[in-house]
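Novice: fold the following for me, if possible:
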Amino acid sequence: MALSDIALTRNDGSADSLAAHKGKVLLIVNVASQCGLTPQYAGLQALQEKYGDKGFEVLGFPANDFGAQEPGTDDEIATFCETSFGVNFPMFAKASVIGEDKQPLYAQLVEAAPTKQGDADGFRDKLRGFGMTPTEDPEVLWNFEKFLVGRDGEVIARFAPATAPDDADLVSAIEAAL
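Specialist: Modelled structure (predicted):
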């Protein structure tokens, strides 16, 4: 099954799919409201504003898989994102991105790009230092992992969670895809 064929649900309950975003370069990010990386929302919104008119779109997928850092309802998440960071990119219904209940989109993304760019090992060590048990590749490591999908619907790259939205390698990959 192609990524574009996977049924998705927006955080307002409406139906969506990647087919509806056909022809755009997408940055698909699993997000959380109570994570140390939550300030990345500001950078993601900045990317949306900078490249949106060139055919780029950030897609946010809330997940509560890591440290219970996304406990809210879809409405609460939407309100938090809008009021705290001015997020206006599409947000989707909260769903799992790891394990047996992993949503089909993330199962396909991980299969298409099993390894990530950026300092995943250093981030894993940092998590262990906090007494947490991080996932191992190919699973999503933590909140704010990023998958870059080209206009053709194929995964171009995958970036570790600590890769900031303004990271030179990420921005370069986005610009090359555009």
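Novice: CA only for contacts and neighbour counts going forward, please
Specialist: OK.
Novice: so which residues of the protein form helices?
Specialist: Counting by DSSP state H, the chain has helices at residues 40-51, 74-85, 104-112, 120-129, 168-177.
Novice: all strands of this structure, in order?
Specialist: 7-9, 15-17, 25-31, 56-62, 146-149, 155-159 (DSSP state E).
Novice: same for the first one, what does it pack against?
Specialist: Here strand 7-9 is seen to pack against strand 15-17 when contacts are counted using 3 or more CA pairs under 8 Å, 6 or more residues apart in numbering; DSSP states H and E.
Novice: what residues sit buried inside the strand it packs on?
Specialist: Ser17 (16 or more other CA atoms under 10 Å).
Novice: pull the residues that contact it.
Specialist: Residues from elsewhere that reach strand 15-17 (CA atoms under 8 Å, 6 or more residues apart in numbering): Ser4, Asp5, Ile6, Ala7, Leu8, Thr9, Arg10.
Novice: where's the second one relative to Ser17, distance?
Specialist: As judged by CA to CA, to the nearest Å, Asp5 and Ser17 stand 7 Å apart.
Novice: go on, the last one?
Specialist: Relative to Ser17, Arg10 is positioned 9 Å away (CA to CA).
Novice: beta partners for the most centrally placed residue in the chain?
Specialist: In the chain, the C-alpha nearest the mean C-alpha coordinate belongs to Val29, at 0.6 Å (CA atoms, centre = their mean). For Val29, the beta-bridge partners are Gly60, Lys146 (DSSP bridges).
Novice: okay, it: pLDDT?
Specialist: Per-residue confidence (pLDDT) for Val29: 98.
Novice: contacting residues around it?
Specialist: Here Val29 is in contact with Val58, Leu59, Gly60, Phe61, Phe144, Glu145, Lys146, Phe147 (CA under 8 Å, 6+ apart).
Novice: please identify the buried residues of stretch 11-20?
Specialist: Asn11, Ser17, Leu18.
Novice: ok, now stretch 168-178?
Specialist: Leu170, Ile174, Ala177.
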